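>>> next comes the sequence, and after it the predicted model I'd like to discuss.
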Amino acid sequence: MSRPIPGEIIELKRQGFPFKTFAEMSIAPVSKRWLIKGIFARGESSAWIAPPKTMKSALLAQAAICVGAGLDWHGHRSKEAAGVVYFALERADLVERRMMAHRQIQQLPDLPIVVCKETIDMTKPDAYRRVAETVKEAEHALGASIGLVIFDTFAKLIAAAGGDENSAKDQGAVFANVQRLKNATDAHVALIGHTGKDENRGARGSNAILGDADVMVMLSSVGEIRTATVTHANDAPEGPLFSFKSEVFEFGTDDDGDPITVNVVSGETLSLQVATKGREPELKPNQKTVFAILHGAGSVGLTLEDWNAQAKEAGIGLKRKADLTDIRNTLQSKKLVRNYGERWHVCHQ
């Protein structure tokens, strides 16, 4: 193909993928289309990771209610009321009871929310198609645009056909379908996941999830108070998001006169200062310095080698290499730092 003459206009029949030239890019950044400002944006994904008994499913059930009703969520403003599809791959009956509890607590009208409990294998290349069709059928049934799709849990999307949660390949296949689903539906996709045996290392299984979710939120508990903390975000600050408590809602009694109950997220507004009160650990001078080095690295964190090298430049660990290991172990035991993705990061709690 000959080179174009300067100033000559040549029309090509495009056969490749669409693209946008530098000149076509908007100077002003396009604002996000928020459902809940600062948390759920259309066309993005989030991962909500927590150990057992941390109310992660209950929290996302409450989020579904707030998106469907156009209500603020833990101090974060509602920008658009939209329909919700909740794929309850674990305990769909519990998800439904929680939603009915919120409906009664807040005296809500009928909301554009559907719950699906079918088994889904998202490791196959075209698996998203049936999910996207479900979203479209839900829009037709509800008469509302679907803005939020929740998968509870991420592990079930892999395990349905014998996939391996520890496999970056299987996780990557799921996230490829999540991206296709976002493209096809323009919805936000929220994934509920588990931490591994070592909670400080983040999500269970392969750490591929770190690079694919636009926002990652970790849930932690101190007594009866849970705190949601942003540990990774493409274009938002990391740190505590909000804190919450649970409450028991009673529907009535069964045939034996025993109460029918369900545990839900309380509507009580908690201050993060209350949630973190008394948790500031005492550190020795060298521990503070090593922690400050990691904190200064920001969200990208540091490899162990880089962290140790910077500590040595500060005069720590020169005489006794084990001092750095001892300091690191202390910071980790106080839940100030954690290791995931082969890098060390500050725990923003």
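The structure has been received and is ready for your questions. Numbers count the residues shown, from 1 in each chain.

>>> pull out the buried residues from the helix ranked longest in the chain.
Longest helix in the chain, counting residues (DSSP state H): helix 168-185. For helix 168-185, the neighbour count (16 or more other CB atoms under 10 Å) marks 170-178, 180-182, 185 as buried. Where C-beta positions appear, they are placed from N, C-alpha and C, glycine not excepted.

>>> of all the residues you listed, which comes closest to residue 304?
Closest approach between the buried residues of helix 168-185 and residue 304, by CB to CB: residue 171, at 23.8 Å.

>>> what's the pLDDT at the residue nearest to residue 114 when sequence neighbours are not counted?
Distances taken as CB to CB, 6 or more residues apart in numbering place residue 138 nearest to residue 114, at 4.7 Å, with adjacent residues excluded. Note on residue 138: pLDDT of 97.

>>> try residue 159
Among the per-residue scores, residue 159 shows a pLDDT of 79.

>>> just the element for the most centrally placed residue in the chain, please.
Nearest to the mean C-alpha position of the chain, by CA atoms, centre = their mean, lies residue 47 at 2.2 Å. Per DSSP states H and E: residue 47 is located in strand 45-50.

>>> residues touching the spatially closest residue to residue 61 that is not a sequence neighbour, list them.
Leaving out its chain neighbours, the residue that sits closest to residue 61 by CB to CB, 6+ apart is residue 98, at 4.4 Å. Counting by CB atoms under 8 Å, 6 or more residues apart in numbering, residue 98 makes contact with 57, 58, 61, 62, 262, 263, 264.

>>> same deal with residue 153?
Contacts of residue 153 (CB under 8 Å, 6+ apart): 57, 89, 90, 191, 192, 193, 194.

>>> which among the residues you listed gets closest to residue 320?
Closest to residue 320, out of all of the contacts of residue 153 and judged by CB to CB, is residue 194, at 38.0 Å.

>>> beta partners for that closest one?
Beta-bridge partners of residue 194, counted by DSSP bridges, are residue 50.

>>> where in the protein is pLDDT low?
Within the chain, the stretches with pLDDT under 70 are 1-12, 27-30, 161, 164-166, 196-211, 271-281, 299, 340-341, 348-349.

>>> leaving out the residues flanking it, which one is nearest to residue 215?
Nearest to residue 215 is residue 46, by CB to CB, 6+ apart, at 4.3 Å.

>>> residue 235 looks like it's in a strand, true?
No. Per DSSP: H, G, I helix; E, B strand; the rest coil, residue 235 lies outside any strand segment and is coil.

>>> that one and residue 283: what is the separation?
Using CB to CB, to the nearest Å, one gets 31 Å for the distance from residue 235 to residue 283.

>>> in terms of neighbours, single out the busier of the two.
Taking other CB atoms under 10 Å, residue 235 and residue 283 do not tie; residue 283 has more neighbours (17 against 10).

>>> hmm, who's touching the strand holding residue 47?
So strand 45-50 is contacted by 39-40, 56, 59-60, 154, 178, 182, 188-195, 202-203, 209, 212-220, 228 (CB under 8 Å, 6+ apart).

>>> show me how far that strand is from its chain's centre.
2 Å (CA atoms, centre = their mean, to the nearest Å).

>>> remind me what the following helix or strand past that strand packs against, helices and strands.
The helix or strand immediately downstream of strand 45-50 is helix 56-69, counting by DSSP H and E. Under the contact criterion of 3 or more CB pairs under 8 Å, 6 or more residues apart in numbering; DSSP states H and E, helix 56-69 touches strand 34-36, strand 45-50, strand 83-88, helix 92-106, strand 113-116, strand 146-152, strand 188-194, strand 259-265.

>>> how about those in a markdown table, adding distance to residue 128?
A markdown table is the format used below for the helices and strands packed on helix 56-69 (distance: least, CB to CB, whole Å):
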| stretch | distance to residue 128 |
| --- | --- |
| strand 34-36 | 20 |
| strand 45-50 | 13 |
| strand 83-88 | 12 |
| helix 92-106 | 21 |
| strand 113-116 | 14 |
| strand 146-152 | 11 |
| strand 188-194 | 10 |
| strand 259-265 | 29 |
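
>>> what about the residue nearest to the residue nearest to the centre of the chain when sequence neighbours are not counted, distance to residue 70?
In space, and not counting its chain neighbours, residue 47 is closest to residue 213: 4.0 Å by CB to CB, 6+ apart. Separation of residue 213 from residue 70 (CB to CB) stands at 25 Å.

>>> and the two? Which one has more around it.
More crowded of residue 213 and residue 70, by other CB under 10 Å: residue 213, with 26 against 14.

>>> how about the contacts made by that one?
For residue 213, the contacting residues are 45, 46, 47, 191, 232, by CB under 8 Å, 6+ apart.

>>> so for the strand holding residue 47, what gets flagged as buried?
45, 46, 47, 48, 49, 50.
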